[in-house]
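Chemist: here is a sequence with its predicted model. Questions after.
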Amino acid sequence: MTDALSQSPLSSCRRVVLKLGTNILRHEGGSVNEQRMTAVGQAVDNMRRAGMEVVIVSSGAIGLGMGKLGMGKRPTRLTELQACAAIGQTILMQTWQRSFEPFGITVAQVLLTREDVRGRKRHLAVHDTLDKLLSLGVVPIINENDTVSADEIKFGDNDILSALVASLVKADLLAILSTAPGLVDRLGTGEIVPVVHDITPEILAMAGGSETATSVGGMVTKLDAARIATASGCTVFIGSGFDPAIVADMTKGRARGTYFPAKERGIDARKRWIAFFESPKGTLIADSGARKAVIADGSSLLPKGLTGIDGCFEEGAVVNIRCEGDTFARGICAFSSDELLGILGKASSEIKAQYPERRHFEAVHRDSLVLLQ
C-alpha cells in the first residue's frame, strides 16, 4: 500500500457500504452460497464490534431466480428479468436473515428504484429511513427493485446503486466486492493497480466489460461508481469477494485490490443530489466563454453564454450543461425551455425588459450548479 493511502484512517471508518456481486453470493450452478454469506455476516459482526455501521448493497436476486428456474443465460426480456427478480429476492433475503442470526444481528430489506432518490423529498425520506435503521443497530440490505424497474427508472446496475447509497448515507468507505480482484493494468504490467487518485482516460482504457452470464456491470461501471463516491467524500475499494479476509484487510488499508481515495473536498448534499441522483431533463449548450467563466471563474451560467438547448423542461428542472460536445456541468435551470428559447444570447438588461418581475437572470445560478470534471 502506498504512503498516501496508509495515512488515510480507514480503520476508523464510521460508516461502510459493502456491495456484493451476484457471483460472490451464488454457486456456479445458480444455488445460493450460504457459506460465503455467513462469512459476510461474521465480517460485518466484527466491523460492528469495531464501532462501524454497515450497509449492504446486495446483487443476486435475478441470478438466484435464474438458478431456481434452471436458466443458464441471463434473460433479455424485461418481463423475464422481473420474474427472476421476484423469485430470487425471497431466496436472497431469507438467506441473509439466516446468515446474520448467529451473530444476533437484525437485517432490513430496502428495495429502491431511481424514482425513490430522484425527487428531493423522497431522496430525503430514503436518507432518513436508512439513518434510523443504522441508529437502531440494524443492517440494511439494499437492492434495486428489479420486479418493477423499467429502463427509465433503473440505476443501471448495483455498482452505481452502491455509490449513490454511499453518497446518501455519507459513508466513509465503499467496498465493491465481486469476481474482479481490482483494476488490472491490461495495457501495461498486467498487475493490479493499488491506488487510483484520478479516473483519467488512461485509467478508463484499462477497464473491460462484464464477462459473466449473470452480471450486468464490469470494471467500467465500477469506475463510474468510484467517480460518484469519491466526489462525495467516500473512499472506494474494489477487490475480490472470494478472499475470506478481504473485509478485515480493506479497513486496515492492506487488502489486495484497488483503492480510490476520497476527494478532500467532497461536494455538499444538495449538489450531490443535482450531480448524481436526479436525471437531467434537458441540455443547455454553452459557448466557450461561458464554459471558461463557469469553470475557471466560478460564475453562474448566463443566458448570454448559451447558443442552444436540447429537450423540453420546466423551470426548476435539472439539466446538463454542454460545450463543444463535452458535458462539463449540471444544474437547476431557472427558466423553462420555452422561456430560454426567447432569451438565448441576450444580456441581463434585455431579459429584465421581458421579465420585469424577476430579480435574478441567471440560467443556472452558481449555488445550483456542480462541475462534473
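Modeler: Received it, and whenever you're ready, just let me know what you need. Numbers count the residues shown, from 1 in each chain.

Chemist: name the element Ala108 belongs to?
Modeler: Taking DSSP states H and E as the criterion, Ala108 maps to strand 107-112.

Chemist: check Ala329 too.
Modeler: Going by DSSP H and E, Ala329 is in strand 326-332.

Chemist: ok so, going back, adjacent strands (with direction) for the strand holding Ala108?
Modeler: Paired strands of strand 107-112, with direction, are strand 139-144 (parallel) (DSSP bridges).

Chemist: what is the mean pLDDT for the strand it pairs with?
Modeler: Taken as a whole, strand 139-144 has a mean pLDDT of 93.

Chemist: quick one: what helix or strand has Asp224 in it?
Modeler: Using DSSP H and E, Asp224 falls in helix 219-231.

Chemist: quick check: what element follows that helix along the chain?
Modeler: Heading C-terminal from helix 219-231 (DSSP H and E), you reach strand 235-240.

Chemist: give me the angle between that next one and helix 219-231.
Modeler: Using axes from the mean of the first three to the mean of the last three CA atoms, to 10 degrees, the direction of strand 235-240 lies 150 degrees away from that of helix 219-231.

Chemist: near Val370, how many other residues are there?
Modeler: Using other CB atoms under 10 Å, Val370 has 22 other residues around it. C-beta: built from backbone N, CA, C; applies to glycine.

Chemist: tell me the SS of it?
Modeler: For Val370, the assignment made with DSSP: H, G, I helix; E, B strand; the rest coil gives strand.

Chemist: ok, it - contacts?
Modeler: With contact set as CB atoms under 8 Å, 6 or more residues apart in numbering, Val370 has these partners: Ile267, Lys271, Ile274, Ala275, Ala329, Arg330, Gly331.

Chemist: same thing with Asp310?
Modeler: Listed by CB under 8 Å, 6+ apart, the contact partners of Asp310 are Gly282, Thr283, Ile285.

Chemist: burial measure for the first one, as a count.
Modeler: Translated: Gly282. By the criterion of other CB under 10 Å, Gly282 has 18 neighbours.

Chemist: excluding chain neighbours, give the residue nearest to it in space.
Modeler: Nearest non-adjacent residue to Gly282, counting by CB to CB, 6 or more residues apart in numbering: Gly311, 2.7 Å away.

Chemist: what about that neighbour, how many neighbours?
Modeler: 13.

Chemist: now the stretch 151-300 of the chain, which segments are flagged as low pLDDT?
Modeler: Applying pLDDT under 70 to the stretch 151-300 of the chain flags residues 151-156, 208-217, 265-266.

Chemist: let's see it at 50
Modeler: 152-153, 209-216 (pLDDT under 50).

Chemist: what segments of it are helices?
Modeler: With helices called from DSSP state H, counting those that start in this stretch, the stretch 151-300 of the chain shows them at 158-168, 201-206, 219-231, 246-251, 269-272, 288-295.

Chemist: let me have those in CSV, extended by distance to Ile24 and mean neighbour count.
Modeler: Listed next are those as CSV, based on distance: least, CB to CB, whole Å; neighbours: other CB atoms under 10 Å:
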stretch, distance to Ile24, mean neighbour count
helix 158-168, 12, 27
helix 201-206, 22, 13
helix 219-231, 14, 23
helix 246-251, 10, 21
helix 269-272, 28, 17
helix 288-295, 40, 16
